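J.: quick one: sequence and predicted model below, then my questions.
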Amino acid sequence: MTGREGGDGRVNGELDHGKEALARRFEADRGHLRAVAYRMLGSLSEAEDAVQEAWFKLSRSDVSAVENLSGWLTTVVGRVCLDMLRSRGSRREDPLEYYVPDPVVRVHDATDPEHTAELTESVGLALLVVLETLSPAERLAFVLHDMFAVSFDEIARIVDRTPAATRQLASRARRRVQDASPAAGPDARRQREIADAFLAAANGGDFEGLLAVLDPDVVLRADGGKVLAAASKVVRGAEAVISQALMYAKFRQAALPVVVNGSPAFVAVVDGRPTVLMAFTIAEDRIVGLQILADPERLAALGLSDEDLARATF
């Protein structure tokens, strides 16, 4: 026999091999776990932290009797996110009215406008904004049950309530989401055409062109973060949004077409740096929402390469 025998009766080599297998198994689930955490938190960095915490818990736990490890990890991430949401609620300073969740950004490929969104992109920024208005327990119940088919019995153990009470949490959350969610939009190609039309009309000072693509009740949400707090605002109604668009048109900047959480968007670029991200929510051939991220710190973390940014055009 080679190697030293450990206290559990196995040699070190065998134990190490088991840890490696567990790590590979975790990596196979990482994308799914990140998607759960992103929907729960609306923050890419916090989602990564939650997934990493799940790994720490897994590496310290005996899961030999766990039949469904993916399900076990999903509930662990859910519990970690619930704790993070509760902690965030007690210390949050930013007004939620202005908050734009972290975007998942991909450079738009004009040759493949129907490209299927990745798992983390399949939830739009508009929905994430609505999820921010839910209580932590409501958000957990809705995300785990309605988005990932986790049973109410399992969720109940996380929130320390009965399955019936947990079902009510999800039901209240579902009503809030349905009431706030826009109607279905057109296909990806048409959405990009509408976004392009908005940008062209804004740059050209075309009031009628903007009016043609905006829903009368469109909502613009701008988040400047702590650095540009004065830029944070909510603007409601087509004419008010148009006045904002025309005001900024005189500062015309190069724009890079991107896809944000599966929807069309643009990144304004100045001197090779991203300065503003504008993402569109489109329903029934009209823009019903504009999410604008102007926070320099978060823009710097978008992950766009110098090569990508160099593709921006006027």
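T.: All right, it came through fine. All figures in this text were calculated on a predicted structure; none of them were measured in a lab.
J.: quick one, phi/psi of residue 290?
T.: Dihedral angles of residue 290 (phi, psi; degrees, to the nearest 10) stand at phi -130, psi 120.
J.: residue 220 now?
T.: phi -110, psi 130.
J.: same question for residue 256.
T.: Taking degrees, to the nearest 10 as the convention, residue 256 sits at phi -110, psi 120.
J.: which stretches in the stretch 151-300 of the chain count as helices?
T.: Along the stretch 151-300 of the chain, the segments classed as helices by DSSP state H, counting those that start in this stretch run 152-159, 163-180, 188-203, 207-213, 238-249, 296-300.
J.: turn those into a markdown table, including mean pLDDT, distance to residue 77 and mean neighbour count.
T.: C-beta: built from backbone N, CA, C; applies to glycine. Output for the helices of the stretch 151-300 of the chain, formatted as a markdown table (pLDDT from 0 to 100; distance: least, C-beta to C-beta, whole Å; neighbours: other C-beta atoms under 10 Å):
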| stretch | mean pLDDT | distance to residue 77 | mean neighbour count |
| --- | --- | --- | --- |
| helix 152-159 | 96 | 10 | 18 |
| helix 163-180 | 95 | 17 | 16 |
| helix 188-203 | 94 | 30 | 18 |
| helix 207-213 | 96 | 39 | 16 |
| helix 238-249 | 88 | 37 | 17 |
| helix 296-300 | 93 | 23 | 16 |
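J.: any chance of those helices in a markdown table, with distance to residue 98 too?
T.: Converted to a markdown table, the helices of the stretch 151-300 of the chain look like this (distance: least, C-beta to C-beta, whole Å):
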| stretch | distance to residue 98 |
| --- | --- |
| helix 152-159 | 29 |
| helix 163-180 | 16 |
| helix 188-203 | 21 |
| helix 207-213 | 22 |
| helix 238-249 | 14 |
| helix 296-300 | 13 |
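J.: point out where the chain drops to low pLDDT.
T.: Where the chain drops to pLDDT under 70, the residues are 1-17, 89-95, 109-122, 250-251.
J.: center of it, which residue is that?
T.: Geometric centre of the chain, nearest residue: residue 42, 4.8 Å, by C-alpha atoms, centre = their mean.
J.: about what we covered before: ok, which of the helices of the stretch 151-300 of the chain comes nearest residue 18?
T.: Closest to residue 18 of the helices of the stretch 151-300 of the chain is helix 152-159 (C-beta to C-beta; 26.1 Å).
J.: so which of the helices of the stretch 151-300 of the chain gets nearest residue 72?
T.: Shortest distance between residue 72 and the helices of the stretch 151-300 of the chain, using C-beta to C-beta, is found for helix 152-159: 9.6 Å.
J.: elements contacting that closest one?
T.: Other elements packing on helix 152-159 under the criterion 3 or more C-beta pairs under 8 Å, 6 or more residues apart in numbering; DSSP states H and E are helix 69-91, helix 136-142, helix 163-180.
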